[in-house]
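1. sharing a sequence plus its predicted fold:
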Amino acid sequence: MRVAKNTIVSLDIEIADIWGNAIQRSEEPVQYLHGGFGDILPAVEAVLEGKAPRERVEVRLEPEEAFGDYDDGLLRVEPRSRFPDTIETGMRFDGAALGEEEDLIFSVTDVADDKVVLDANHPLAGMALKVSCTVGEVRPATEAEIRNGAADQPGSVILRVLP
């Protein structure tokens, strides 16, 4: 079976910068529902169309095709007093808790004596990437998976731009 609309595709995925430096690799195969359901970057999904098990594809993505351009407007500097005592770099906070109208998730990038620097950009925003995938199993999606717009397996993947 080949990758087509309404198939569940199992992939081994590697993400690297454009110089080939590894950023992330799937430890186990991940699955997604193919056909424009939004669980994988559109440019990656397009290159997978029609592929068969064991085929390997590689696609270079510019920032706008991957996780977007870096947006300085998504940086915030907040008073340290608004956060728990045990705050540290890497922690994440829902923007609604910070009074943001948008549905943003902020990561703590720096903690100073009286200030906390927050960033709602995706960690890979502004980066051109090389995504390499090896197709594993391809199977028809169930009616429930199509209705839900996602693979029912615990290893399902969401490789997309976050809001």
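-> Okay, I see it. Numbering: from 1, shown residues only.
2. buried residues in the least confident helix or strand in the chain by mean pLDDT, which are they?
-> For the chain, using mean pLDDT, DSSP states H and E, the weakest element among its helices and strands is strand 92-94, scoring a mean of 87. By neighbour count on 16 or more other CB atoms under 10 Å, the buried set for strand 92-94 is residue 93. No exception for glycine: its C-beta is placed from N, CA and C like everyone else's.
3. equivalent analysis for stretch 54-66, please.
-> 57, 59, 61, 63, 65-66.
4. would you tell me what the next helix or strand after the least confident helix or strand of the chain is?
-> Sequence order places strand 105-111 as the next helix or strand after strand 92-94, per DSSP states H and E.
5. using CSV, write out every CA atom in that next one.
-> Only the C-alpha atoms of strand 105-111 are listed here, as CSV (Å, rounded to 0.1, in the frame of the first residue of the first chain):
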residue,chain,number,x,y,z
ILE,A,105,2.4,28.8,25.3
PHE,A,106,5.4,30.7,26.7
SER,A,107,8.7,29.2,27.5
VAL,A,108,10.9,30.7,30.2
THR,A,109,14.2,31.7,28.5
ASP,A,110,15.8,33.7,31.3
VAL,A,111,15.3,34.4,35.0
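6. so for it, what gets flagged as buried?
-> 105-108.
7. what's the following helix or strand after that strand?
-> strand 115-119.
8. any chance you could map the helices in this protein?
-> For the chain, the helices defined by DSSP state H cover 42-48, 143-148.
9. which residues touch the first one?
-> I take that to be helix 42-48. Residues external to helix 42-48 that are found in contact with it (CB atoms under 8 Å, 6 or more residues apart in numbering): 3, 9, 11, 34, 36, 40, 57, 59, 61, 65-66, 131, 133, 135, 159.
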